[in-house]
Every structure is written in C-alpha cells, then in structure tokens.
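Enquirer: okay, predicted coordinates and the sequence, questions at the end:
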Amino acid sequence: MNLQGPLAGIPVSVKDTVNIAGYDSCIGYSKHTFHPATQDAPMIRLLRDAGAVPFVKTNVPVTLLALESTNDVFGRTKNPHVPAYSPGGSTGGEGALLALGGSRIGIGTDVAGSVRIPAAWSGIYALRCSTGRFPKAGNVTSMVGQEGVPSVYSPMAKTLPDLRYFLETVITMKPWEYDFTVHPIPWRTLSLPSKPRWGVLRDDGIVPPTPAVQRALDTTISALRSRGDDVVELTSTPSCYTALRLASRLLNSDAGETYTSHFLSFFESNDAGVAILSRIFSLPRFVKRIYAFFLRMRGDPITAGLIDDLRSRSVTDQWKLVAEREATRAEWFAYLKAQEVDFVLTPAHPLPGLPEGGGRDTIGACGYTFLWNLLDYAAGVVPVGKVDARVDAAGEMRLGSKVAKKTWRLYDAGRMEGLPIAVQIVGGRLEEEKVLMGMERVVDALRDAGVVYGEVEVEVE
C-alpha cells in the first residue's frame, strides 16, 4: 500500500465485474464460479498505486441488464431503506452497501442507468462518466463486444465531496497510462455562470414520473429558482421515445444470444424482466408483428414499437443503427445548444423503487437514463428526500401505453414510504467536472431551502 498516496487507506468497493487477481468475477452466473481472475484490472492497479484499499466486490443481477440485483450465486440484494424493494441495478450491491455506510467509495458500470438508478433508489451520489474518462479495460461483462451503446465505469459515493475528490484523484493519476481506453484529458478547473440556466425534462413521453419523483423534481426547481438560477421547461424536444427504441435496438442487436450463452443450464434463474425479453426474442418475427399490429390498433404504439424492435440484426442493419445513433446525437446537440442551457434537470427513473419481480413490468421505463447513454453525456444523481405516504399518494392519471400503466401499478406510496427520491443532473459529453459543479449547486440550493437529505438509519446492537 502507498501510505503517501492521495487515496491512502481509503476503502473502495467494486462491482463484481471488476477483475481482482485471485477472486472470481462470476457476475451472478454459476458457470463462472471458481474461475478466479489471474491479474488485477488496470483500474485496481491504479487504485493501489494511489494508496486505496479495494476490499470487497458487490452483487449484481444475472445478465447485468436488470434493476433487481439477484442471482443464484449470491441471492437477492435488498434496499436498506425498505427491504421489500430493490436498491436498483445492475450496480445494486454497491448502492446498498454505500447507503448502509459499509463502504465509502464504490465503482460500478452504466449502460442504461446502472449506476444512476441504484444511486437514486439507495440515496447516494453517482456520476455517469462519458466513454474514455474512467478506466474500463481488463474487466468482465455479460455482453462482450457490444459497442452500440458502450458501457462505462463510473464512481459512486456516500457523500458528494467524496465523489468529487475520488474522481478528481483518479483522473489526476493519469489513468490513460494504465488503460488504453482512457482519453488523456487532465482534470479541469471550471467556473459556472453566476446564474446557471437549467432545462427541465419533466416527462420522457413514455412513462411520466410518479408523484414522489415529481416532488423531488419540483423541490429542486423551487430551490434553484430561490437562488436566482434560470430554470426553464424543455419543450418540443427531439423524441425521447425514438431515442429509447434506438438504444434498445443497439443494445439488443444479438437478440440476447451473448448474455444467455453464460447460463450453465436451462434451470438457472434469470431476471424477471430479462426473461420476458428472452421470450420475445424467441418468438417468430411474424408473431411479434401481429402482436405489435394488435397493440397499435388498441392505441398503444409505444409498446408496439418496443416489441417489434426485439430481434437479431445483420451487420448491415447494425451499421444503419449506428448511423441513426450519430444523427440522434447531432439532433440533441443542436437542440440543447439552441436552448442555451448549462444543465438538464430530470428524473432518474419514474419510480422511487422496484418491488420483487417488478422488473417484468418496467422493461421500457428506463428512458430517463438510457437517453444519456445513447448520447454519451455525463450525468449525476443527487438524493433529495424520501417518499412520504401522505404527501405522495397517487391520484388519477391518464396513461396511454402498457409500459406506463404497468410501471404506475407498482407505485404505492404507503409501502414505499422511506425510499429515497432523487434528481438527475445532465451535462454534455466529457463534462464530468461541470456536472459535479451542477450537483454541488443543487445540494447547496436545497440546503438553503431547508431541504437536507436524511441518510439510512442503521441500528447498532
């Protein structure tokens, strides 16, 4: 251990995907147990050179594509605030451990919201880095070679100062000298305008936020306006639904063949939501087209489009999807530039948590995070408060799609009371320093407004 290093003695927990010599990285698959890594990932070597102490690996959902962190090897990870709910996924073990104070710094991966949703549901802080800003090489994944929507490694922390210090330290350690995937971009000192401009993306047009999540957003908007910040509603945005369909097609262009190849047998458990995806993948295409046609006739084009897209793609089709991705990135870049916003303020997920088995009903409800993966923007999560059964009770809500209706059926403010509620702060690509400053401004504004997040209470016998 480097006792003089900038992270000397700091314990760091890591997602089970991270290779540490002598330990398994089974990522929830029975097939990969008792096959320890032969060498440390570059990330681990960097941490040890900085004096940090990687001390534990944390649980994930099998396939790494779910919001419930459960598998046959290690079992189910529960939300420390309300154990009947999930702490999120796929970096759910990190979220739960950090919320409980069992670790100070965590490292996870994010391909569709996998550090931000656990942060929001566990009541901690996280920053989704753009590709090439944080070490990635030398680790394992359930979908090796998937680059349509690249997964990124990103930091999570119990406190915002810890998050900032850790990321700044890692980048100051010149991670590009450890890992060929990292861009040689030093840490940058920036300043914000005296009155930053915030664009609010209140609803992605797929699943509107539930009342508790809406309250977190409204509370944050009010606090920022009280400080004199310019907060505007984003209207006439490029289609979030089109972006979700595109991201889903890119991520699943092999029709699940790669993640299912790791299962030891037919009898190994799958995640409830991913199991539905797999069943849809296995259906003949004409059956999916008939079902999608039926849904459109019933007035639900959103669910129809998502189902119709679930099939394998040829190389030619994949190239076309990548071209669509670049066009979508250009469209959003131009739109946000025209709005002259410094940040986008939006929910991390329409729900404050997911009950056991709830993944089967919320496959299409990740648009608030998945969008920024598609665009490769830096995005952070800040906890705001907790669900209040009385204040956050659901009223009547007209919902159009099956995706929205199924998601909202899981919302129960009474059972969810005590779960964290959070907001997501989004900047541009490779703007990690700026997003951290935006997160700090949100925390300061909330504190000035008398809103201070209450952490999980841990009973000590």
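Expert: Nice, I can see it. Numbers count the residues shown, from 1 in each chain.

Enquirer: please enumerate the helices of the stretch 301-450 of the chain.
Expert: Here the stretch 301-450 of the chain has its helices, by DSSP state H, counting those that start in this stretch, at 301-308, 315-339, 367-375, 402-409, 413-416, 432-448.

Enquirer: now the helices for the stretch 101-250 of the chain?
Expert: 116-122, 160-172, 211-226, 240-251.

Enquirer: looking at those helices, which is closest to Leu65?
Expert: With CB to CB as the criterion, Leu65 lies closest to helix 240-251 of these, at 8.1 Å. Glycine gets a C-beta too; all of them are placed from N, C-alpha and C.

Enquirer: pull that closest one out as PDB, backbone CA atoms only.
Expert: Only the C-alpha atoms of helix 240-251 are listed here, as PDB (Å, rounded to 0.1, in the frame of the first residue of the first chain):
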ATOM      1  CA  CYS A 240     -37.200  10.500 -26.200                       C
ATOM      2  CA  TYR A 241     -39.200   7.500 -27.400                       C
ATOM      3  CA  THR A 242     -37.300   7.400 -30.700                       C
ATOM      4  CA  ALA A 243     -34.100   7.500 -28.700                       C
ATOM      5  CA  LEU A 244     -35.300   4.700 -26.400                       C
ATOM      6  CA  ARG A 245     -36.200   2.500 -29.300                       C
ATOM      7  CA  LEU A 246     -32.900   3.100 -31.000                       C
ATOM      8  CA  ALA A 247     -30.900   2.500 -27.800                       C
ATOM      9  CA  SER A 248     -32.800  -0.700 -27.200                       C
ATOM     10  CA  ARG A 249     -32.100  -2.000 -30.700                       C
ATOM     11  CA  LEU A 250     -28.400  -1.200 -30.500                       C
ATOM     12  CA  LEU A 251     -28.100  -2.900 -27.100                       C
END
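
Enquirer: which helices and strands sit right next to it?
Expert: helix 301-308, helix 315-339, helix 367-375 (3 or more CB pairs under 8 Å, 6 or more residues apart in numbering; DSSP states H and E).

Enquirer: buried ones in the last one, by neighbour count?
Expert: Of the residues in helix 367-375, those scored as buried under the neighbour-count criterion (16 or more other CB atoms under 10 Å) are 367-375.

Enquirer: distance to Gly357 and pLDDT for the residues you listed - can I get that in a markdown table?
Expert: Listed next are the buried residues of helix 367-375 as a markdown table, based on distance: CB to CB, whole Å; pLDDT from 0 to 100:
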| residue | distance to Gly357 | pLDDT |
| --- | --- | --- |
| Gly367 | 21 | 97 |
| Tyr368 | 22 | 98 |
| Thr369 | 21 | 98 |
| Phe370 | 21 | 98 |
| Leu371 | 26 | 98 |
| Trp372 | 27 | 98 |
| Asn373 | 25 | 98 |
| Leu374 | 28 | 98 |
| Leu375 | 31 | 98 |
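
Enquirer: which residues does Cys26 contact?
Expert: By CB atoms under 8 Å, 6 or more residues apart in numbering, the contact list for Cys26 reads 16, 32-33, 35, 73.

Enquirer: can you do 10 Å?
Expert: Contacts for Cys26 (CB atoms under 10 Å, 6 or more residues apart in numbering) come out as 16-17, 32-36, 57, 60, 62, 71, 73-74, 140, 262.

Enquirer: and which of the residues you listed is nearest to Leu192?
Expert: Thr17 (33.9 Å).

Enquirer: for burial, what's the neighbour tally of that closest one?
Expert: Thr17 has 25 neighbours, counted by other CB atoms under 10 Å.

Enquirer: circling back: out of the helices and strands packed on helix 240-251, deepest packed?
Expert: Comparing the helices and strands packed on helix 240-251 by mean neighbour count (mean count of other CB atoms under 10 Å), helix 367-375 comes out on top with a mean of 25.

Enquirer: just how off-centre is that one within its chain?
Expert: 9 Å (CA atoms, centre = their mean, to the nearest Å).

Enquirer: adjust the sequence numbering to begin at 58 for everything that follows.
Expert: Got it, the first residue is 58 from now on, which makes the last one we talked about helix 424-432.

Enquirer: tilt between that helix and helix 297-308?
Expert: 60 degrees (axes from the mean of the first three to the mean of the last three CA atoms, to 10 degrees).

Enquirer: mean pLDDT for the helices of the stretch 358-507 of the chain: which is lowest?
Expert: Ranked by mean pLDDT, the helices of the stretch 358-507 of the chain bottom out at helix 358-365, with a mean of 90.

Enquirer: can you list the helices and strands that that helix packs against?
Expert: Here helix 358-365 touches helix 297-308, helix 329-339, helix 342-354, helix 459-466, going by 3 or more CB pairs under 10 Å, 6 or more residues apart in numbering; DSSP states H and E.

Enquirer: and with 8 Å instead?
Expert: Helices and strands touching helix 358-365, by 3+ CB pairs under 8 Å, 6+ apart, are helix 297-308, helix 342-354, helix 459-466.

Enquirer: could you pull up the residues touching the residue minimising distance to the centre of the chain?
Expert: Per CA atoms, centre = their mean, the C-alpha nearest to the average position across the chain is that of Gly170, at 1.8 Å. Shown in contact with Gly170 (CB under 8 Å, 6+ apart): 185, 405-406, 423, 425-427, 430.

Enquirer: if I look at it, how far off is Lys252?
Expert: Going from Gly170 to Lys252 by CB to CB, to the nearest Å gives 30 Å.

Enquirer: most neighbours per residue, which of the helices of the stretch 158-307 of the chain?
Expert: Comparing those by mean neighbour count (mean count of other CB under 10 Å), helix 173-179 comes out on top with a mean of 34.

Enquirer: hmm, who's touching that one?
Expert: 124, 126, 136-138, 142-146, 148-149, 151-153, 155-156, 165, 167, 181-183, 185, 213, 405-406, 409-411, 423, 426, 436-438, 440, 476-479, 481.

Enquirer: adding distance to Ala332, write the helices of the stretch 358-507 of the chain out as CSV.
Expert: Formatted as CSV, these follow (distance: least, CB to CB, whole Å):
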stretch, distance to Ala332
helix 358-365, 15
helix 372-396, 25
helix 424-432, 20
helix 459-466, 15
helix 470-473, 24
helix 489-505, 35
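
Enquirer: closest one to Asp418 among those?
Expert: With CB to CB, the closest approach to Asp418 among the helices of the stretch 358-507 of the chain belongs to helix 459-466: 3.7 Å.

Enquirer: got the angle for the closest one vs helix 424-432?
Expert: Going by the same axes, to 10 degrees, helix 459-466 makes 130 degrees with helix 424-432.

Enquirer: which of the residues in helix 459-466 are buried?
Expert: Buried, per 16+ other CB under 10 Å, within helix 459-466: 459-461, 463-465.

Enquirer: off-centre distance for that helix?
Expert: With CA atoms, centre = their mean, you get 20 Å for helix 459-466.

Enquirer: distance of the closest residue to Phe131 other than its chain neighbours from Gly165?
Expert: Distances taken as CB to CB, 6 or more residues apart in numbering place Asn116 nearest to Phe131, at 5.0 Å, with adjacent residues excluded. According to CB to CB, Asn116 stands 11 Å off from Gly165.
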